[in-house]
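Undergrad: only the shape, not the letters, is given here:
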């Protein structure tokens with residue numbers, strides 16, 4: 001019979017053997033993932049030397065940085081945990097208080113503060129720009145994909161192909177059959193609406209332009225802006241051909257839009273100092289060849305800052321709902337299947353479903369409302385999207401989980417490694433301590449999107465992006481304008497807007513002037 005001492009020694013030896021066995025399995029798994037990731041990145045770098053700058057493909061700004069974490073099931077589960085409803089990113093808005101109270105009651109905004117330097121329209125200009133330059137239809141959430149193998153279905157240029165499609169000949173369904181130089185608009189009740197099919201799907205170049213009422217309102221505004229320019233060009237040149245009037249109206253529309261990007265939108269989201277630095281000292285990390293602008297995956301993910309700026313609810317208009325304001329959540333799952341839902345989802349037509357732009361841009365009438373701060377608190381409705389707003393129509397329905405899983409799709413580097421590469425201050429592990437319980441290394445090797453939001457929150461008080469996020473977003477947006485041979489920066493660098501402005505100064509052209517010329521401003525609507 002073994003003594004307790006001998007038995008204890010055998011038990012310890014057996015436990016030690018088991019521990020060593022588990023460690024061996026773990027090391028083998030880590031090594032295998034490392035080999036897979038290493039081989040993936042080696043192949044990608046070789047491919048990028050050939051086609052990373054193709055405008056039709058995605059690429060990288062930082063080619064030789066390692067992924068923030070291995071593409072393992074454990075990491076995937078950790079990202080799902082980060083982005084779940086009620087998780088660390090959820091602002092936990094009191095949705096039961098209703099859409100009006102969430103706008104008017106300051107006590108309900110404590111955990112999801114307003115941004116006093118942005119108006120509510122900044123969010124949706126951000127989304128509109130994204131629709132113009134990027135549309136990834138081939139990669140899959142959380143499945144490792146070389147960026148150079150993924151097709152970008154939009155042109156990587158601010159050319160409004162999300163509005164014009166392939167033009168009157170290539171996309172005739174987008175144009176007025178009675179006047180093919182103009183985009184086709186229909187009536188939505190009180191005011192104009194996008195043309196729609198029998199199922200209320202918008203007939204537009206990019207279906208994402210009808211995800212919700214505010215973005216479809218912007219698409220409609222650009223349609224109207226172009227059509228008014230067609231009338232203006234014809235009034236100035238009565239004998240002009242239809243082809244020439246379309247070409248001139250499109251160029252004027254695009255150049256005025258590009259002006260607002262560079263002089264209004266970009267300073268708001270990255271800060272005027274960052275814009276000035278890039279324009280004066282040049283781009284350091286985004287360097288495509290001329291006429292070969294492409295979308296880096298670091299930008300594709302980092303640019304999703306607009307999701308942090310979205311409010312839970314909005315006042316869509318002031319008097320469209322039987323003479324009363326139309327207040328609604330941006331999304332409300334309980335409204336699924338209703339012909340005139342009480343939220344702001346798209347694919348619906350009714351008299352009240354239009355945008356009163358004085359809520360979103362400052363027309364000087366004290367009606368404008370603010371954005372949310374750029375921070376790590378995201379409005380709760382984004383954690384439960386209607387399936388119709390998701391291109392694949394499949395879960396997860398948390399937009400935040402979808403954003404985070406994209407980090408595995410592209411094997412993105414951490415925010416810390418990019419900051420080090422840029423030579424800018426790196427957030428400490430104490431700044432990101434809330435991530436440590438989710439995954440052991442996330443506080444020192446953080447998913448890029450979260451890092452960018454946290455950097456803005458801590459370094460810029462959420463008013464605009466910090467140095468990592470601002471540099472990525474600023475360089476790509478300015479770079480796309482600089483390498484596009486058809487942008488006003490290349491065709492006519494001294495060009496200034498030619499349409500009326502509120503101040504009377506051409507260089508002051510802003511979105512309120514664009515909306516006014518389009519005839520969708522508050523005065524034109526009489527509301």
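TA: Happy to help now that I have it. Given the structure is predicted, the values throughout are model-derived calculations rather than measurements.

Undergrad: quick one: pLDDT of residue 390?
TA: With respect to pLDDT, residue 390 scores 73.

Undergrad: what sits against it?
TA: With contact taken as CB atoms under 8 Å, 6 or more residues apart in numbering, residue 390 is in contact with 397, 402. C-betas here are computed from N, CA, C, even on glycine.

Undergrad: now do it against residue 123, distance only.
TA: 19 Å (CB to CB, to the nearest Å).

Undergrad: likewise residue 112?
TA: Residue 112 is 13 Å from residue 123, where distance means CB to CB.

Undergrad: other residues contacting stretch 429-437?
TA: 82, 88, 442-444, 446, 450-451, 454, 458.

Undergrad: end-to-end on that stretch?
TA: 12 Å (CA to CA, to the nearest Å).

Undergrad: hmm, residue 456 and residue 375 touching each other?
TA: Yes - using CB atoms under 8 Å, residue 375 is in contact with residue 456, at 6.5 Å.

Undergrad: between the two, what contacts are shared?
TA: With CB under 8 Å, 6+ apart, residue 375 and residue 456 have common neighbours residue 462.

Undergrad: who has more neighbours out of these two?
TA: Neighbours per residue, other CB atoms under 10 Å: of residue 375 and residue 456, the larger number sits with residue 456, 28 against 23.

Undergrad: what helix or strand is that one located in?
TA: helix 448-459 (DSSP states H and E).

Undergrad: next, give phi and psi for the nearest residue to residue 377 once chain neighbours are set aside.
TA: Excluding its sequence neighbours, the residue lying closest to residue 377 (CB to CB, 6 or more residues apart in numbering) is residue 91, at 4.1 Å. When read as degrees, to the nearest 10, the backbone of residue 91 gives phi -70, psi -10.

Undergrad: what's the answer for residue 202, then?
TA: The phi and psi values for residue 202, taken as degrees, to the nearest 10, are phi -70, psi 140.

Undergrad: let me see the contact set for it.
TA: Residues near residue 202 by CB under 8 Å, 6+ apart: 194-196, 209-210, 216, 219, 346-347.

Undergrad: with residue 313 instead?
TA: 98-100, 102-103, 327-330, 381 are the contacts of residue 313 under CB under 8 Å, 6+ apart.

Undergrad: could you rerun that using 6 Å?
TA: 99, 102, 329 (CB atoms under 6 Å, 6 or more residues apart in numbering).

Undergrad: now do the helix or strand the second one falls within: distance to the chain's middle.
TA: Secondary-structure element containing residue 102, defined by DSSP H and E: helix 101-104. Relative to its chain's centre, helix 101-104 lies at 25 Å (CA atoms, centre = their mean, to the nearest Å).

Undergrad: now it: buried residues?
TA: 102-103 (16 or more other CB atoms under 10 Å).

Undergrad: give me the more crowded residue out of residue 112 and residue 123.
TA: Using other CB under 10 Å as the criterion, residue 112 and residue 123 rank with residue 123 on top: 26 against 23.

Undergrad: list the contacts of the more buried one.
TA: With contact set as CB under 6 Å, 6+ apart, residue 123 has these partners: 306, 309-310, 371.

Undergrad: where does this structure have low pLDDT?
TA: 1-53, 391-393 (pLDDT under 70).

Undergrad: can you tell me which residue is nearest the centre of it?
TA: residue 304 (4.0 Å; CA atoms, centre = their mean).

Undergrad: all strands for this structure, in order.
TA: 58-59, 114-119, 175-176, 179-183, 186-187, 192-193, 295-296, 313-321, 324-329, 370-372 (DSSP state E).

Undergrad: burial measure for the residue nearest to residue 153 when sequence neighbours are not counted, as a count.
TA: Residue nearest to residue 153 in three dimensions, not counting chain neighbours: residue 135, with 4.0 Å by CB to CB, 6+ apart. Residue 135 has 19 neighbouring residues, counting by other CB under 10 Å.

Undergrad: also residue 143?
TA: Residue 143 sits with 11 neighbouring residues when counted by other CB under 10 Å.

Undergrad: then residue 389?
TA: Residue 389 is flanked by 18 other residues according to other CB under 10 Å.

Undergrad: same deal with residue 451?
TA: Neighbour tally, residue 451, other CB under 10 Å: 29.

Undergrad: now do the contacts for it.
TA: residue 415.

Undergrad: try 7 Å
TA: For residue 451, the contacting residues are 414-415, 427, 468, by CB atoms under 7 Å, 6 or more residues apart in numbering.

Undergrad: what do you get for residue 419?
TA: For residue 419, the contacting residues are 426, 468, by CB under 7 Å, 6+ apart.
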